[in-house]
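A.B. asks: quick one: sequence and predicted model below, then my questions.
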Amino acid sequence: MSESKFTSGPWNVTEDEEPDMEWNRHVESAPNKRICFMAHDGPNRSLEFEANAYLIAAAPTMFDALLNTREFVADELDNRDYCAGGDARDYFNDAKYVNDAKCTLALIDAALAKARGEN
């Protein structure tokens, strides 16, 4: 997998400081270091508009969480043989669980590739 090239987080949502433009949003990685500008056509902005800004701002955190989750799931699959002693983790030896975990890894890999601009 290639390294990410985006601006590291955290990213924050801020209001536009221009007079009569406070309904617009900026996603910034630091004060005055803009990641994106989200224009809206007036003070009657929708909840969806606001939610989109926060979703964009959460991207670096979600990317890191996916990397960590991917590593955990892959490690668990690689080390599933140690569970064969009858403990509570016998599900790692269940074919359906293993298939579900592999499908989850594929979904995570696709999301990470999209975030890196690889698709």
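C.D. replies: Cool, got the structure. Numbers count the residues shown, from 1 in each chain.

A.B. asks: quick one, strands of this protein?
C.D. replies: Ranges of strands in the chain, per DSSP state E, are 12-15, 25-30, 33-38.

A.B. asks: single out the most deeply packed of those.
C.D. replies: Greatest average neighbour count among these goes to strand 25-30 (a mean of 18), per mean count of other CB atoms under 10 Å. C-beta here means a position set from N, CA and C on the backbone, and glycine is covered the same way.

A.B. asks: this protein: helices as residue ranges?
C.D. replies: Assigned by DSSP state H, the helices in the chain fall at 47-57, 59-78, 95-115.

A.B. asks: chain center to the second one: distance?
C.D. replies: What it means is helix 59-78. 10 Å (CA atoms, centre = their mean, to the nearest Å).

A.B. asks: dump it to CSV, keeping only the CA atoms.
C.D. replies: Taking Å, rounded to 0.1, in the frame of the first residue of the first chain, the C-alpha atoms of helix 59-78 are listed here in CSV:
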residue,chain,number,x,y,z
ALA,A,59,-11.5,12.1,7.2
PRO,A,60,-7.9,12.0,8.7
THR,A,61,-9.2,10.4,11.9
MET,A,62,-11.3,7.9,10.0
PHE,A,63,-8.4,7.1,7.8
ASP,A,64,-6.2,6.3,10.8
ALA,A,65,-8.9,4.3,12.4
LEU,A,66,-9.3,2.2,9.2
LEU,A,67,-5.5,1.6,9.1
ASN,A,68,-5.6,0.4,12.7
THR,A,69,-8.6,-1.8,12.2
ARG,A,70,-7.1,-3.3,9.1
GLU,A,71,-3.9,-4.1,10.9
PHE,A,72,-5.9,-5.7,13.8
VAL,A,73,-8.1,-7.9,11.6
ALA,A,74,-5.2,-9.0,9.5
ASP,A,75,-3.1,-9.9,12.6
GLU,A,76,-6.1,-11.8,14.1
LEU,A,77,-6.5,-13.8,10.8
ASP,A,78,-2.7,-14.5,10.6
